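[1] Sharing a model prediction with you, sequence too.
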Amino acid sequence: MKNIIDYLKQPFPYYHKNWLIVAAPTVWIFLLTYILEPLGLSSITYKLKVVIIITLITTISAIIVVYIFPRIFKKFYNPENWKIYKLLSYGLFISSLSIPATTYYVYSIYLKECPNIIHTRTELMFFWFPIAWFIAIVPTLIIFIQVKQTWATEKQDEAITSSEISCIEETEEREDIISITINAREKLEIIPQDFLYAEAQGNYVIIFYIDNNEVRRKSSRATISNMTEILCKHFSIARCHRTYIVNTSYICNIRSQSQTYTLTLTKTNAEIPVSRSYLKTIKSLVTLQLPENTLAHSSQRACDE
């Protein structure tokens with residue numbers, strides 16, 4: 001028993017979807033009452049109407065538990081202090097709320113159609129409580145399993161992302177080697193001088209680099225911010241746009257047109273946009289790397305090579 005209590009008190013992620021907690025018991029109660037006809041529904045006229053009203057009572061009870069209770073009992077429903085037993089309590093709370101209203105409604109039907117009923121409304125209510133709690137196990141388990149699967153998937157994604165983001169690292173064996181994990185089986189190792197630029201595309205960053213004097217590309221699942229944090233430690237590499245990182249030592253021209261700026265690099269025909277917020281930094285890095293303090297002549301000569 002102690003092991004069960006300890007398990008129920010374990011922290012649990014607050015990943016559940018409120019609409020699912022309302023929908024699961026609603027669908028479950030409708031199917032259960034319509035198909036199995038419990039509570040003597042088989043002998044009641046207008047069974048479908050009765051089933052719909054019982055289902056509606058369940059839905060309203062679920063809405064109260066899911067959307068109103070958290071506003072009233074804020075400490076209990078605090079996501080930062082969420083436990084397994086708190087998630088499992090949804091089914092208990094919903095069934096406990098719905099049973100009195102369901103009893104009152106169904107009993108009024110019994111009085112009309114079965115006037116010789118021998119049980120009182122209170123007796124029926126307490127008889128149905130344990131039955132309702134048992135029935136509530138199914139939708140509660142559905143929610144529990146759904147949350148656990150979501151949690152497991154997120155943890156797996158975090159592990160993959162963490163592995164792939166740490167894919168870019170400097171090693172101490174040789175000077176300035178950048179190691180980029182492309183996938184679980186492949187790594188790209190380059191020196192900063194071989195890095196041309198990186199471009200963010202969706203959930204990936206495309207790395208453009210030089211290999212045997214040819215421009216090649218590889219895709220890594222990471223964010224441009226993580227790439228920036230590691231790559232921009234190297235003197236010549238800098239962020240130039242929200243989706244681009246560039247090796248400034250390959251810049252041969254900075255062109256302005258209609259309040260927009262673009263870079264031209266040697267080794268590639270790509271035109272890379274430059275945000276105004278990064279322009280000053282890019283120009284200063286290019287100037288520092290030029291033998292002369294004039295970008296125009298030196299950069300154009302580099303482009304012609």
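    The structure has been received and is ready for your questions. Residues are numbered from 1 along each chain as shown.
[2] shouldn't Y197 be in contact with N247?
    Yes. Under the criterion of C-beta atoms under 8 Å, Y197 makes contact with N247 at 6.4 Å. (Each C-beta comes from the backbone N, C-alpha and C, glycine too.)
[3] Now do the shared contacts for the two.
    L265 (C-beta atoms under 8 Å, 6 or more residues apart in numbering).
[4] which residues of this structure fall in strands?
    169-171, 177-183, 186-190, 195-201, 204-211, 214-220, 237-241, 244-247, 251-257, 260-265, 271-274 (DSSP state E).
[5] Output those as a markdown table; include the columns mean neighbour count and mean pLDDT.
    Converted to a markdown table, the strands of the chain look like this (neighbours: other C-beta atoms under 10 Å; pLDDT from 0 to 100):
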| stretch | mean neighbour count | mean pLDDT |
| --- | --- | --- |
| strand 169-171 | 13 | 43 |
| strand 177-183 | 17 | 76 |
| strand 186-190 | 14 | 83 |
| strand 195-201 | 20 | 92 |
| strand 204-211 | 19 | 91 |
| strand 214-220 | 15 | 90 |
| strand 237-241 | 23 | 91 |
| strand 244-247 | 24 | 93 |
| strand 251-257 | 16 | 86 |
| strand 260-265 | 19 | 90 |
| strand 271-274 | 17 | 92 |
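[6] okay if I get those as TSV plus distance to P100?
    Shown next, in TSV, are those (distance: least, C-beta to C-beta, whole Å):
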stretch	distance to P100
strand 169-171	62
strand 177-183	58
strand 186-190	63
strand 195-201	57
strand 204-211	55
strand 214-220	59
strand 237-241	63
strand 244-247	63
strand 251-257	73
strand 260-265	68
strand 271-274	65
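[7] And the residue nearest to A62 when sequence neighbours are not counted, how far from T266?
    Distances taken as C-beta to C-beta, 6 or more residues apart in numbering place V22 nearest to A62, at 4.4 Å, with adjacent residues excluded. According to C-beta to C-beta, to the nearest Å, V22 and T266 sit 61 Å apart.
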